[in-house]
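In: Any chance you can model this:
(one chain, ligands or ions: 2)
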Amino acid sequence: MQALYFDGQAGLRHLPRPEPGAGEALVQVRLAGICRTDLEVLRGYHGFRGVMGHEFVGQVAGPTHSPWLGKRVVGEINVACGHCQWCRQGLARHCASRQVLGLSGRDGVFAHYVAMPEANLHEAPPEVPDDAAVFAEPLAAALQVIEAAAITPASRVLVVGDGRLGLLIAWVISRQGAAVSLVGRRPGKLALAVPYGVEIFLEKDLPDDSFYDVVVEASGAPGGLALALARVRPQGTVVLKSTYAGAAPLDTARLVVPEVRLIGSRCGPFDAALRLLRQKLVDPRPLISHILPLAQGVEALALAQQPGVLKVLLDCRAAAD
Ligand SMILES: [Zn+2]
Ligand SMILES: [Zn+2]
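Out: Ligands and ions are numbered 1, 2, ... in the order given. Okay, the predicted model is just below:
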């Protein structure tokens, strides 16, 4: 099969089709999404080597005795050991020896096939087309912000960053009833939040006296954290959603003096994400900038890094081999 492989450089390879282990299914990948974290891999995040990619929708192609056979699925990205202290406390996402699909110790989904633990799979509802279902993972990650910061319909929330993740986060928080503002730099991207009732601002236009109960940093730029800390109210909460390959500067006085809580947030609930998609409360498809065949995976990675490009999808449905 064909796969987009990273070994210090991203390139296409022909690899043997993965053999599913005990409790695993073989998934034929249909569509896969290129995420910020994949671009961080190119810059050395986790020192990952292997098949890239973790956002996908696919169809279970084996083994023949699997109860999942033939089902259209999306999948959670963390593979836990099941017996370390975090796994025993129900924190499998934080398993000390976890593998993360396409990011750490485990081959990912930019390929014709991927082997996945059946425990990680969720069936994609028939009402949700492939090009929406492929957003289940980033949508789940966006939903996690609501839980992490205990956002209620009474909360005033500012989201920093008009990229893919910032837009998804602004959409889902607004759907939950809270008053949401989104700040960014690109009017065309900010406009995608307007149909969800989100108030939008260019960075330079954010009123000086606007402060928020919760500020979510999703810009992926170290300057986003400084902006978030400048806009949170005393005793408010800043949620850090972006991972950086390097370190971000932090002015600790901005945290200590106003007694601000700083929270990290990563993966989230797939069931809730699939429910939002099924009920059509969120339609992520306007985020798709390009769909390229897997064979053009290297070009797709380059496209995804260009300013102004939102989601780039890889069509992995080439003839099985
Ligand atoms: Zn992702
Ligand atoms: Zn574990």
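
In: contacts, neighbours, all on C-alpha from now
Out: Noted.

In: what residue is smack in the middle of this structure?
Out: Closest residue to the average C-alpha location of the chain: residue 138 at 3.0 Å, with Cα atoms, centre = their mean.

In: Please name the residues that touch the residue in the stretch 201-321 of the chain positioned nearest to ligand 2.
Out: As assessed by Cα to the ion, ligand 2 sits closest to residue 267 within the stretch 201-321 of the chain, at 16.2 Å. Residues in contact with residue 267 (Cα atoms under 8 Å, 6 or more residues apart in numbering) are 137, 140, 141, 144.

In: Touching, the residue nearest to the centre of the chain and residue 167? I think so.
Out: No: using Cα atoms under 8 Å, residue 138 is not in contact with residue 167, being 10.7 Å away.

In: which residues touch stretch 283-299?
Out: Under Cα under 8 Å, 6+ apart, the answer for stretch 283-299 is 2-4, 10-12, 110-111, 131-132, 135, 164, 168, 192, 277, 300, 309-316, 318.

In: so for that stretch, what's the average pLDDT?
Out: Taken as a whole, stretch 283-299 has an average pLDDT of 97.

In: Sticking with residue 298, tell me its helix or strand.
Out: helix 297-304 (DSSP states H and E).

In: Show me what the worst-scoring helix or strand of the chain on mean pLDDT is packed up against.
Out: Sorted by mean pLDDT, DSSP states H and E, the helices and strands of the chain end with helix 253-256, the least confident at a mean of 88. On a contact count with 3 or more Cα pairs under 8 Å, 6 or more residues apart in numbering; DSSP states H and E, helix 253-256 meets helix 222-231.

In: then the helix it packs on to PDB, C-alphas only?
Out: In PDB, the C-alpha atoms belonging to helix 222-231 read as follows (Å, rounded to 0.1, in the frame of the first residue of the first chain):
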ATOM      1  CA  PRO A 222       3.400  32.200  21.100                       C
ATOM      2  CA  GLY A 223       2.000  35.800  20.900                       C
ATOM      3  CA  GLY A 224      -1.500  34.300  21.300                       C
ATOM      4  CA  LEU A 225      -0.800  33.300  24.900                       C
ATOM      5  CA  ALA A 226       0.300  36.900  25.700                       C
ATOM      6  CA  LEU A 227      -2.900  38.200  24.100                       C
ATOM      7  CA  ALA A 228      -5.000  35.700  26.100                       C
ATOM      8  CA  LEU A 229      -3.400  36.700  29.400                       C
ATOM      9  CA  ALA A 230      -4.000  40.300  28.600                       C
ATOM     10  CA  ARG A 231      -7.800  39.700  28.000                       C
END
